[in-house]
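[1] Give me a model of this one.
(2 chains)
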Amino acid sequence: MIRERLNGSEILFRVVLSVLCAIIFLSIIYPLYFIVIASISDSTLVSTGKVLFMPKNISFFGYNQIFQDDRIWNGYRNTVFYTLAGTFVNLLITLPAAYVLSRREFRARRLIMVVFVITMFFNGGLIPTYLLMKDLHLTNTMWMFILPFCVNVFYLIIARTFFESSLPSELYEAAAIDGCSHFGFFVRIALPLSKALISVIGLYYLVGHWNDFFTGLIYIRDNKLQPLQIVLRDILLSNQVFQNGAGTGGAAGGYAQKYADQIKYGVIIVSTLPILVIYPFLQKYFEKGVLIGSVKG
Amino acid sequence: MGSRSIFSTFKRDYQLWVMVFPAIAVILIFNYIPMYGIQLAFRDFDFSKGLTGGEWRGLFYFKQFWESFLFTDLMRNTFMISFTSIIIGFPAPILLALVLNQIRRKKMKQLMQTTVYLPHFISIIVLVGMMNVLLSPETGIVGYFMKSVGFGNINLLASTSTFIPVNIISEIWQHCGWNSIIYLAALSTVDPQLYDSAKMDGASRWQTIRYIDFPALIPTIVILFILSMGNILSTGFEKIFLMQNSLNLPVSEVIATYVYKIGIVSNQFSYASAIGLFNTLINFIFLFAMNAISKKASNTSLF
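    Residues are numbered from 1 along each chain as shown, chains lettered A, B, ... in the order given. Predicted structure coming up:
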């Protein structure tokens, strides 16, 4: 075995590498960590730079307020529903189509692919799309979040490439001899072999729905239908922190000022936590997903 | 043959057609009908006659945009924001991938990757919300430190001079890690023998980066660069829209946000469609131009 020589250049390299990694790591983690400690610390101490590494004067006032705010819970309920239903419909339509387009014996596959890929580079733009949704009476309904753009062509290509490379044609031929139809083959053989793929695409779709704010902004006017992200905008950006409209002045005004920021920090955490919790479990598939997708279709 | 053979394969493949049909229907309805509706940019909008029933006006609405006093501002802002994010934001994930690729300890690399991908999953609202609370001059921590270092009471989010830097830095913070995945994937395909022989020849690790890793990335870099040039006038709507306020509006009003305001907010559908279409066309020209240049220069191209 060759012993690695540690000459000056190699030592310098390792030092630079470690320092760089430390800087990158901290610049990403610290802002997130700061939000966490700020959400349970005294707002006055936070805004004067006294809370840097550890929470101080811990209080859960912000979270208390958040849990009592039905705007947030209504938004949460809506978003959870849109995310689950939307992701389900996404996969229900994308995966079978990807399977079909991966079958070489399917004559129309080239034409259909071209029709799909064009939409990646060209679209009708905001206004014609908006008017179409209006004509179809989809605006101001929950269907807006689930139906219109349920096929993402990029994910479809990832899925198709995956099926092409992981399902050898002999497999289908063998199954067909045993009397297995395409339906049966897809459900009983293709899907069970594609857990990694389903997790990656499922996560992409899921995150897309969870973070979707555009749909609510453009197509939805009814407050009862608004997803969490729109509620977040009101709280975080339009400064409507308190449901009853406090914060505009008077005795309640000073009180509001003091706690508004703590609530904002708390809201950031409450709304982002679900995504951050599931993400590390699926992370190992990401590279695979991107690698598959980058193979030219 | 012709129709008969299609009919016979249709009979054989009817299950495949059933499985692909919903996707075709969704794409045709929600992507192609709006494309057909682009003609609205050349027509008046008539509520009673629907999307394509209004009177033909030719280039009227395009002219209105060219002659509008906002035209130069919008073009300049849109171009500045996307150009600066390409110039600074494009190399960042390449450098990050080269750095991450040098980490030898598996656990360490895993930890770094998990960390740098993380911000990608934060929603844009939350990102801009974080910026608002952290950078606020009165109550934000960054604002507090800026004051104590002597920058004065500067509001980073509401100033024309800091809008672009804040936008780029937050962009890199959020997406650099995620965008590095594709480069990391490309680096993982480098033949390990190359490293061994380089080591044998006494190459330092700086040299392996310079002469093995970087060249291995070039095809990926070229392709992604062409694609990003094709988006030269697509600043993205959401982040800019959320970062806008009355104070930074002179530099932050871009085509996408203007289309929203003109079209969705004030219902001037034809005018807004024309502006949107104009934007798309410029992007197309850049995409094709870059593709042609790179085809000549490096034999790498999209199409």
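[2] if I pick B:Gly129, what's in contact with it?
    A:Leu232, A:Ile235, A:Leu236, A:Leu237, A:Lys264, A:Val267, A:Ile268 (CB atoms under 8 Å, 6 or more residues apart in numbering or on different chains). Where you see a C-beta, it was placed from the backbone N, CA and C, and this is true even at glycine.
[3] Residue ranges in the chain under the pLDDT threshold?
    Picked chain A for this. A:1-6, A:242-258, A:286-297 (pLDDT under 70).
[4] not what I meant, chain B
    Going by pLDDT under 70, which is the cut-off in play, chain B has low-confidence ranges at B:1-7, B:235.
[5] Where does it get nearest to chain A, residue-wise?
    Closest residue of chain B to chain A, CB to the nearest CB: B:Pro34 (2.6 Å).
[6] residues touching that residue, list them.
    A:Asn123, A:Gly124, A:Gly125, A:Pro128, A:Thr129, A:Leu132.
[7] Could you find the closest non-adjacent residue to the fifth one?
    Once its chain neighbours are removed from consideration, A:Thr129 has its nearest residue in B:Pro34; the separation is 4.3 Å (CB to CB, 6 or more residues apart in numbering or on different chains).
[8] Which helix or which strand is home to that neighbour?
    helix B:33-36 (DSSP states H and E).
[9] ok, the helix or strand following that helix near chain A or not?
    Proceeding N to C from helix B:33-36, the next assigned helix or strand is helix B:60-67, under DSSP H and E. No. Helix B:60-67 stays clear of chain A (CB under 8 Å from any CB of the partner chain), getting no nearer than 11.1 Å.
[10] So what's the gap between helix B:60-67 and the chain middle?
    Helix B:60-67 sits 26 Å away from the centroid of its parent chain (CA atoms, centre = their mean, to the nearest Å).
[11] do the same with stretch A:20-36
    Distance, centroid of stretch A:20-36 to centroid of chain: 21 Å (CA atoms, centre = their mean).
[12] tell me which residues of that stretch are tucked away?
    A:Cys21, A:Ile24, A:Ile28, A:Pro31, A:Leu32, A:Phe34, A:Ile35 (16 or more other CB atoms under 10 Å in any protein chain shown).
[13] Who are the packing partners of the helix or strand encompassing the last one?
    According to DSSP H and E, A:Ile35 maps onto helix A:8-39. Contact here means 3 or more CB pairs under 8 Å, 6 or more residues apart in numbering or on different chains; DSSP states H and E; on that basis helix A:8-39 packs against helix A:250-294, helix B:91-101, helix B:106-117, helix B:124-135, helix B:163-187, helix B:205-208.
[14] Helices of the stretch 51-200 of chain A, residue ranges please.
    A:61-68, A:70-102, A:109-121, A:126-135, A:143-146, A:153-166, A:169-177, A:182-185, A:195-211 (DSSP state H, counting those that start in this stretch).
[15] ok, back up a step: export the contacts of B:Pro34 as JSON lines, with columns for neighbour count.
    JSON lines is the format used below for the contacts of B:Pro34 (neighbours: other CB atoms under 10 Å in any protein chain shown):
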{"residue": "A:Asn123", "neighbour count": "18"}
{"residue": "A:Gly124", "neighbour count": "27"}
{"residue": "A:Gly125", "neighbour count": "24"}
{"residue": "A:Pro128", "neighbour count": "27"}
{"residue": "A:Thr129", "neighbour count": "22"}
{"residue": "A:Leu132", "neighbour count": "20"}
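[16] For chain A, give the residue positioned nearest to chain B.
    Counting by CB to the nearest CB, chain A gets nearest to chain B through A:Gly124 (2.6 Å).
[17] so what's B:Thr139 closest to, chain neighbours aside?
    Closest to B:Thr139 by CB to CB, 6+ apart is A:Ser47, at 3.9 Å.
[18] list the contacts for that neighbour?
    A:Asp261, B:Glu138, B:Thr139, B:Gly140, B:Ile141, B:Tyr144.
[19] and the residue lying closest to the first one once chain neighbours are set aside, what does it touch?
    Leaving aside its chain neighbours, A:Asp261 sits nearest to A:Ser43 (4.7 Å; criterion: CB to CB, 6+ apart). With contacts defined as CB under 8 Å, 6+ apart, A:Ser43 is in contact with A:Lys258, A:Tyr259, A:Ala260, A:Asp261, A:Gln262, B:Thr139.
[20] What's the ChimeraX line that selects buried ones from those residues?
    Buried members of the contacts of A:Ser43, defined by 16+ other CB under 10 Å, are picked up in ChimeraX with:
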select /A:259,260,261,262 /B:139
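[21] Pipe the contacts of A:Ser43 into CSV and attach distance to B:Asp191 per row.
    Shown next, in CSV, are these (distance: CB to CB, whole Å):
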residue, distance to B:Asp191
A:Lys258, 61
A:Tyr259, 59
A:Ala260, 57
A:Asp261, 54
A:Gln262, 54
B:Thr139, 55
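[22] any chance of the contacts of A:Ser47 in JSON lines, plus distance to B:Gln64 and secondary structure?
    Formatted as JSON lines, the contacts of A:Ser47 follow (distance: CB to CB, whole Å; DSSP: H, G, I helix; E, B strand; the rest coil):
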{"residue": "A:Asp261", "distance to B:Gln64": "44", "secondary structure": "helix"}
{"residue": "B:Glu138", "distance to B:Gln64": "42", "secondary structure": "coil"}
{"residue": "B:Thr139", "distance to B:Gln64": "44", "secondary structure": "coil"}
{"residue": "B:Gly140", "distance to B:Gln64": "41", "secondary structure": "coil"}
{"residue": "B:Ile141", "distance to B:Gln64": "46", "secondary structure": "helix"}
{"residue": "B:Tyr144", "distance to B:Gln64": "47", "secondary structure": "helix"}
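[23] Out of these, which is nearest to B:Ile285?
    B:Gly140 (41.5 Å; CB to CB).
[24] so that closest one makes contact with B:Leu134?
    Yes. B:Gly140 is within contact range of B:Leu134, at 4.9 Å (criterion: CB atoms under 8 Å).
[25] of these two, who's got more company?
    B:Gly140 (23 against 20; other CB atoms under 10 Å in any protein chain shown).
[26] List the residues that contact that one.
    For B:Gly140, the contacting residues are A:Ser47, B:Asn132, B:Val133, B:Leu134, by CB under 8 Å, 6+ apart.
[27] what would these look like in TSV with distance to B:Gln268?
    Converted to TSV, the contacts of B:Gly140 look like this (distance: CB to CB, whole Å):
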residue	distance to B:Gln268
A:Ser47	43
B:Asn132	31
B:Val133	36
B:Leu134	37
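[28] which two from those residues end up farthest apart in space?
    Pairwise over the contacts of B:Gly140, using CB to CB, the maximum falls at A:Ser47 and B:Asn132, 13.0 Å.
[29] who's in contact with stretch A:120-138?
    Contacts of stretch A:120-138 (CB under 8 Å, 6+ apart): A:139, A:144, A:147-148, A:153-154, A:218-219, B:30-31, B:33-38, B:40, B:50-51, B:230, B:259-260, B:263-264, B:269, B:272-273, B:276-277, B:280, B:284, B:287.
[30] Starting from B:Ala23, give me the distance back to A:Ile177.
    Distance of A:Ile177 to B:Ala23, given as CB to CB, to the nearest Å: 29 Å.
[31] Mind checking which of those two has more residues around it?
    The residue with more neighbours, out of A:Ile177 and B:Ala23, is B:Ala23; 23 against 8, by other CB under 10 Å.
[32] Identify the residues contacting that one.
    Neighbouring residues of B:Ala23 by CB under 8 Å, 6+ apart: A:Ile93, A:Thr94, A:Pro96, A:Ala97, A:Phe116, A:Val151, A:Leu156.
[33] how near is the nearest residue to the fourth one once chain neighbours are set aside to A:Ile230?
    Read it as A:Ala97. Of all residues not flanking A:Ala97 in the chain, B:Ala23 sits nearest, at 3.5 Å (CB to CB, 6+ apart). Distance of B:Ala23 to A:Ile230, given as CB to CB: 29 Å.
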